[in-house]
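Novice: Structure, please.
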Amino acid sequence: VYARQATECLRELKSHLDAGDDEEWRKMSHKLKGASANLGAFALSELCKQAEDGFEEDVEVKQDWYNAITAELGRVDAFMKALHPELS
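Specialist: Down below sits the predicted model:
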């Protein structure tokens, strides 16, 4: 469930970044932050908190956060698949 939700959140973050929709960016960052914290993915949750708190930053800053969130989500995904190969 988390992997599906996180993938959708990431897709939505990119969409809101491209559209310049700051408030929806904030909401999606918040959603992914909470889901990641519940999973124990605290580094990802912290990145999402920064993205949420900085929702009015310029597009370059948010692009950097998006890239960092994407990379960290990849690490979380790899870790989950290593623990549970059936998720692959």
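Novice: which residues make contact with stretch 60-75 from outside it?
Specialist: 6, 10, 13-14, 17, 25, 32, 41, 43-44, 47-48, 50-51, 54-55 (CB atoms under 8 Å, 6 or more residues apart in numbering). Any C-beta I mention is one placed from the backbone N, CA and C, and that applies to glycine too.
Novice: Just the buried ones from those?
Specialist: For the contacts of stretch 60-75, a burial check counting by 16 or more other CB atoms under 10 Å picks out 6, 10, 13-14, 17, 25, 32, 41, 44, 47-48, 50-51, 54-55.
Novice: Nearest to Val76 among these?
Specialist: Using CB to CB, Ala41 is the member of these that sits closest to Val76, with 4.7 Å.
Novice: Thought Val76 was touching that closest one, still the case?
Specialist: Yes - counting by CB atoms under 8 Å, Ala41 does reach Val76; the two are 4.7 Å apart.
Novice: what's the overlap in contacts for these two?
Specialist: By CB under 8 Å, 6+ apart, no residue touches both Ala41 and Val76.
Novice: Can you show me the helices along the chain?
Specialist: 2-19, 22-39, 42-53, 59-83 (DSSP state H).
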